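**Q** Sequence and predicted structure below; questions after.
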Amino acid sequence: MSLNGFDVASYQAGMNVGKVAGDFVLVKATEGIDYTNPEFNGHAKQTLSAGKKLGVYHFIRNDSDIKQQADYFLTVVKPYIGKAMLVLDFENTTGSTIQNQAGVGLAKQWLDYVYQKTGVRAVLYTGLSCENALDWSSVVKANYGLWIAQYNNYNVVNGYQPRDLYGSLKHWKTAVMFQYTSTGQLPGWNGALDFDVFYGDKSAWDKYAEANINPDIPKWIKEDKTYTLKTAVKLRTAPSTSASVIAVLPAGSTVRTDQAIIQGGYRWVRQPRSNGYAYMATGPIGNTLEYVK
């Protein structure tokens, strides 16, 4: 199952996006800390009124503070949070280039901040060459989806004609969405459009838009696993470095666990015991050091 749609910015001024064929519309909202697409609200409202799925995106720049950019975006799109897919557009900025390895860190900072504030995991948009050239592993591991762009040519494409990606992804296993032309043509609009295919149905789209109202509250996940300790590790009464120590297990010990959680800068696992549970850190988050194997 897939959905067909297009994305718009100020270039599509005067277009009623709700009356043009498509399952979804992605609308540019903001850029930097001081630009709002003047067509944004009109196009967003037309999209929802027509029963189409909505996406809203921010064009990131490297000449202004990332958190300020995220706050500016969230202020503009506030009425649509929980209703729209949120997207970060990662491209060459005016007058300076953000498509470099340092830019990946800026992108992740924006994505993390938006998730912290809204509970929505935004999707990253970028071109195939950029996805291939830079190390996106930190963004992939943080579970942010990819909207990939790649054109074979600039020939006119009449109507939706999704195709396979020309080339392959290097860091993501799959893309959420594919922008396959910038020269699409549809009845009801006499200009060129970017055509996109979303790999999922409407309920899948809704999951990308859905807001977790408590994104900062850590959640336990099921994990039936046996660890072998690389070094001596403390078992504690709670998943916290300030919790009381039950025992210190020597290197080589094995620990059977049933759940795991990330909190307080560490990844913790839970060990069932005859009188309750014990908790063990498998290693600090953001550090290659691990206590177990």
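**A** Done, it's in. In this text, all values refer to a predicted model and were calculated from it rather than measured experimentally.

**Q** contacting residues for Asp194?
**A** By CB atoms under 8 Å, 6 or more residues apart in numbering, Asp194 lies in contact with Phe6, Asp7, Gln179, Thr181, Ser182, Gly184. The C-beta positions use only the backbone N, C-alpha and C, and glycine is treated the same way.

**Q** quick check, nearest of these to Phe195?
**A** Proximity to Phe195 was ranked across the contacts of Asp194 by CB to CB; first place goes to Gly184, at 3.9 Å.

**Q** Val114 in helix, strand or coil?
**A** Put simply, Val114 is helix when judged by DSSP: H, G, I helix; E, B strand; the rest coil.

**Q** what do you get for the one 10 residues further on?
**A** Classification of Leu124 by three-state DSSP places it in strand.

**Q** Specify the beta-bridge partners of it.
**A** Residues in a beta bridge with Leu124, per DSSP bridges, are Leu88, Leu146.

**Q** And Leu165, its phi and psi?
**A** Here is the backbone geometry of Leu165 (degrees, to the nearest 10): phi -60, psi 130.

**Q** and it, how many residues sit next to it?
**A** When neighbours are defined as other CB atoms under 10 Å, Leu165 has 13 of them.

**Q** I'd say it and Asn132 touch.
**A** No. Taking contacts as CB atoms under 8 Å, Leu165 lies outside contact range of Asn132: 11.3 Å.

**Q** on that earlier part again, what is the nearest of the contacts of Asp194 to Ser274?
**A** Closest approach to Ser274 among the contacts of Asp194 (CB to CB): Gln179, at 56.5 Å.

**Q** do you know how far that closest one is from Val25?
**A** As judged by CB to CB, to the nearest Å, Gln179 and Val25 stand 13 Å apart.

**Q** can you check Leu229 too?
**A** In terms of CB to CB, Leu229 sits 53 Å off from Val25.

**Q** In terms of neighbours, single out the busier of these two.
**A** Ranked by neighbour count (other CB under 10 Å), Leu229 and Val25 place Val25 first, with 27 against 18.

**Q** what are the pairing partners of the host helix or strand of that one, and which direction each?
**A** Val25 belongs to strand 24-31 when assigned by DSSP states H and E. Each strand paired with strand 24-31, and its direction, by DSSP bridges: strand 3-8 (parallel), strand 35-36 (antiparallel), strand 53-59 (parallel).

**Q** Looking at these, which one is packed in the most?
**A** strand 53-59 (a mean of 26; mean count of other CB atoms under 10 Å).

**Q** And whatever helix or strand comes next after it, what does it pack against?
**A** On the C-terminal side of strand 53-59, the nearest following helix or strand under DSSP H and E is helix 66-77. When contacts are defined as 3 or more CB pairs under 8 Å, 6 or more residues apart in numbering; DSSP states H and E, helix 66-77 sits against strand 24-31, strand 53-59, helix 101-118.

**Q** so how far is the longest one off the chain centroid?
**A** On the basis of CA atoms, centre = their mean, to the nearest Å, helix 101-118 sits 9 Å off its chain's mean C-alpha point.
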